[in-house]
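>>> Got a predicted structure plus its sequence, pasted below:
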Amino acid sequence: MTTTSTASETGAISPEDTTSGLHRRLGPVGLLFSAVGSIIGSGWLFAAFESSGIAGPAAILSWVIGSVLFLLIALVYAELGVMFPVAGGVARFPHWSFGSFASYTMGWITWLAAAAVAPIEVEGAIKYTRHYITWLASPNGTLTASGYGIAAAALAFFVMINYMGIQWFARLNNLVVWWKLAIITIVIVAFLVTEFHSSNFSSQGFAPEGNGGIFTSVSIAGIAFSFLGFRQGIELAGETKNPSRYVPLAVIGSILITAVIYILLQVAFIGSLSPSAIAHGWTALQDPSNPLASSPLAVLAGLIGLSWLGSILYADAIVSPGDTGFIYTTVTARLSYAMGRNENAPRQLAMTTRSGAPWVSLLLAFVVGLIVFLPFPSWQKLVGFVTSITVLSFGSGPLVLVAMRKQLPDQERPYRLPGGHLLPFLAFWGANMIIYWGGWATDWRLFVAVAIGFVLFAIYAAYENMKGRTLPPMDWRAGAWLVPWFLLLLLSSALSPYGGPIKAWSSDGWGFVAELVVSVVIYLLAYYVRLSPETTARYVAHAGDTALTGAAARRAAGKDLPPEPQADIG
């Protein structure tokens, strides 16, 4: 059994930097910019246009709703991230509260979500370049053979830079994020002062598609997708110098900064459109023949006489998505690394180079990225799926938070989310609503992907058994909330007006009620079946790269309680 590590009451850094092979070299700006840079990717280039075509001017409300929901989720992970600042935290936290079955399931979902982002960012860049390099993609945005080759080369570049270690990552990313912030600020100001039609906010109605358009826009227009990157403040916590201060700054700060930017950009985009562009309604923007469809902001800049800005935007269409894809390659590797350390995936995934790069996991991220291009060869076809599966991975965070407050009540928490159960429950309910708004067409594919993960795990377990190796106990009881959660989400999606085959209700109000019931049932079930405090303490200690404090450390060391059988250690 791994020796238990303890932290001082002043909040010592966990042993991640000495036992994991990873290095703690990220400062506050580096960690904040990793999150901001990940949030400002291809989403900012397309989301204002896509959401306008779905919700009209009410897309502004969609951004507000998305910002609030993701801030709730981010607040949950701010507490978890500073309590245990480890690489791949989103995948590892469920293991300590709900055991190996929950850990593998949520780890698979989290990893698959992250692995799909680098390809989607590459596709976003190629979609913009199609305006002047037509042979990379077909008119509908699907990659050509040449485009696939360029996309593969981009993924290989991301892996190569990551292989050099986290310092290279931070240096390159900080420069690129300053570029992103400068460009998006220039676009907002230029659009607002050059041409602004206030009548656009009312001429076709503020919310022409009603509440349905507002909510749908959050999930499928790239709004929720744009905020997914806050997670980098959690996933890279194990590589920052002072996690108790830097993680909340990165997680919460990135959401607040980008929320203001995105809302201002939406206002500027709507106001700068020519009234003739929406003369036949806001849904006319969704016509594939619309000149704005391939590269909305750059084309709009040209239409209002800012051709110089359009040229800059075409360049940024490579830089912004490229940087986000680069960041997600880093994070995808850290997630599979985390699963290797949890011992519910091949242990080779946790192997690192001397510079601290998880090289086996990086190679796996590259191979899977190439595969992702095949069933989802365009940006539009992938964004809804990535949004829903990523939000599903975030959904376990609130459940872990409330469970750990019972399991490790004495663990030092440099940041503690106030409000008892209220904010964690609202975060869980909000995550379920985003998945619900994604619609049946996205959700059934989402849960097929989850089912594939179960098949892969069965194959892995059979292989380990054939080699005479024993997997950690699955902790089936502690993970008993997972399958009911998935089934209830799938059922509510089938009953919804968002493409559901049953469509049992037409009012948005029933959707809120349905997801409220789902959230209450699963929240209570997970809270009831959680692991015991003793088991959680031993699981955390067994990881070997975390710091336990107070009574939890004594439990794990067996000073307060008799030791459990070795077979119980995950």
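Good, I have the coordinates.

>>> Would you map the helices across the stretch 201-350 of the chain?
Per DSSP state H, counting those that start in this stretch, the stretch 201-350 of the chain carries helices over the ranges 210-220, 223-227, 232-235, 243-272, 296-303, 307-342.

>>> Looking at these, spot the one closest to Asp410.
Evaluated with Cβ to Cβ, the helices of the stretch 201-350 of the chain place helix 243-272 nearest to Asp410, the distance being 16.6 Å. For every residue, glycine as well, the C-beta is placed using N, CA and C.

>>> what helices or strands is that closest one leaning on?
helix 28-39, helix 42-55, helix 59-83, helix 166-194, helix 223-227, helix 232-235, helix 296-303 (3 or more Cβ pairs under 8 Å, 6 or more residues apart in numbering; DSSP states H and E).

>>> Of all those helices, which one is nearest Trp444?
For Trp444, the closest of the helices and strands packed on helix 243-272 is helix 223-227, at 18.5 Å, according to Cβ to Cβ.

>>> chain center to the closest one: distance?
Here the centre of mass of C-alpha atoms in helix 223-227, compared against the chain's by Cα atoms, centre = their mean, to the nearest Å, lies 9 Å away.

>>> Need the CA coordinates for that helix. CSV is fine.
Taking only C-alpha atoms (Å, rounded to 0.1, in the frame of the first residue of the first chain), the coordinates of helix 223-227 have been written out as CSV:
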residue,chain,number,x,y,z
ILE,A,223,-22.7,28.8,-26.5
ALA,A,224,-22.2,25.9,-23.9
PHE,A,225,-19.4,24.6,-26.1
SER,A,226,-17.6,27.9,-25.7
PHE,A,227,-17.6,27.7,-21.9
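
>>> weakest of the helices and strands packed on helix 243-272 in terms of mean pLDDT?
Mean pLDDT values for the helices and strands packed on helix 243-272 show the minimum at helix 232-235, a mean of 69.

>>> Just the C-alpha atoms of it, please, in CSV.
Output for helix 232-235, consisting of C-alpha atoms alone and laid out as CSV, is shown next (Å, rounded to 0.1, in the frame of the first residue of the first chain):
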residue,chain,number,x,y,z
GLN,A,232,-8.4,23.4,-17.7
GLY,A,233,-8.0,25.1,-14.4
ILE,A,234,-8.9,21.8,-12.8
GLU,A,235,-7.2,19.3,-15.1
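
>>> who's in contact with the residue with the shortest distance to the centre of the chain?
The residue at the geometric middle of the chain, judged as the C-alpha nearest the mean C-alpha position with Cα atoms, centre = their mean, is Leu228 (3.8 Å). By Cβ atoms under 8 Å, 6 or more residues apart in numbering, the residues touching Leu228 are 38-39, 113, 117, 386-387, 390-391.

>>> cool, and Ala113?
By Cβ under 8 Å, 6+ apart, the contact list for Ala113 reads 228, 386, 389-390, 392-393.

>>> Distance of Ile60 relative to Gly271?
In this view, Ile60 and Gly271 are 11 Å apart by Cβ to Cβ, to the nearest Å.

>>> Looking at those two, which one has more neighbours?
Comparing Ile60 with Gly271 by neighbour count (other Cβ atoms under 10 Å), the higher total belongs to Ile60, at 22 against 17.
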